[in-house]
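Peer 1: need a structure here:
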Amino acid sequence: MGSFFILRCFLLFFFLFDGAFAATGKIWSRAEMVEMAGYGEQKLSSVIITGSLLCENTSRPQLRPIAIPGATVAIKCHTGHKRRSKWIKAVTDDVGEFEIDLPSQLHAIPDLENTCFIKPVNVPKRYRCYHTCTNIHKRIKRVSSTNGLRVYTSGKIRLQSNSSRS
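Peer 2: You can find the predicted model right below:
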């Protein structure tokens, strides 16, 4: 099987190299050669996860929650393989929102809503927000799916702040 693969690669290379110079002397562009070889550089699908991170003050519940910019959140998806999946991280923007573009090798996981979860990893100290329990993870929910683009959200992730906590 290995020799068949090598032969196939050689023939493909020969075809591309030989055909790169047409009778008119035109040299094909990289994009044209990639298209002829049957490879594409365009993504076939995209999976985006969105959400926001808020801080609530438990000692003064009448105050509205505030957005947490500059915090790090991460998503982890269980792939079913023995090796552990990695955390994919993102940083919240000025209004506390984040967007994670899931790597393509994770797009085919069935039932992402039950296999992936989001968790805040690092919150800037000036917000003094924390999880009430360190093992809390937020699940994702699909909000749309059209033309190869799936969008999921974790919704609002609310952290607790207590002014007496240092």
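Peer 1: Next, count neighbours for Ile48.
Peer 2: Other residues lying near Ile48 total 15 when counted by other Cβ atoms under 10 Å. Any C-beta I mention is one placed from the backbone N, CA and C, and that applies to glycine too.
Peer 1: Run a quick neighbour tally on the residue nearest to it when sequence neighbours are not counted.
Peer 2: Leaving aside its sequence neighbours, Ile48 sits nearest to Val151 (Cβ to Cβ, 6 or more residues apart in numbering; 5.0 Å). Val151 has 16 neighbours, counted by other Cβ under 10 Å.
Peer 1: Please point out which parts of stretch 111-129 sit buried.
Peer 2: Residues Leu112, Thr115, Cys116, Phe117, Ile118, Lys119, Pro120, Val123, Tyr127, Arg128, Cys129 are the ones in stretch 111-129 that count as buried (16 or more other Cβ atoms under 10 Å).
Peer 1: Just give me the closest of those residues to Gly51.
Peer 2: Nearest to Gly51 among the buried residues of stretch 111-129, counting by Cβ to Cβ, is Ile118 at 6.3 Å.
Peer 1: what's near enough to touch Pro114?
Peer 2: Wrong residue type there; residue 114 is Asn, not Pro. Arg139 (Cβ atoms under 8 Å, 6 or more residues apart in numbering).
Peer 1: and if we set it to 6 Å?
Peer 2: By Cβ atoms under 6 Å, 6 or more residues apart in numbering, the contact set of Asn114 is empty.
Peer 1: how close does it get to Glu97?
Peer 2: Using Cβ to Cβ, to the nearest Å, Asn114 is found at 24 Å from Glu97.
Peer 1: that older thread, sitting in strands, which of the buried residues of stretch 111-129 do you find?
Peer 2: Among those, DSSP state E puts Cys116, Phe117, Ile118, Lys119, Pro120, Cys129 in strands.
Peer 1: where does this protein dip in pLDDT?
Peer 2: For the chain, applying pLDDT under 70 flags the ranges 1-26, 31-43, 61, 81-85, 130-136, 162-166.
Peer 1: For burial, what's the neighbour tally of Lys89?
Peer 2: Lys89, neighbours per other Cβ under 10 Å, totals 13.
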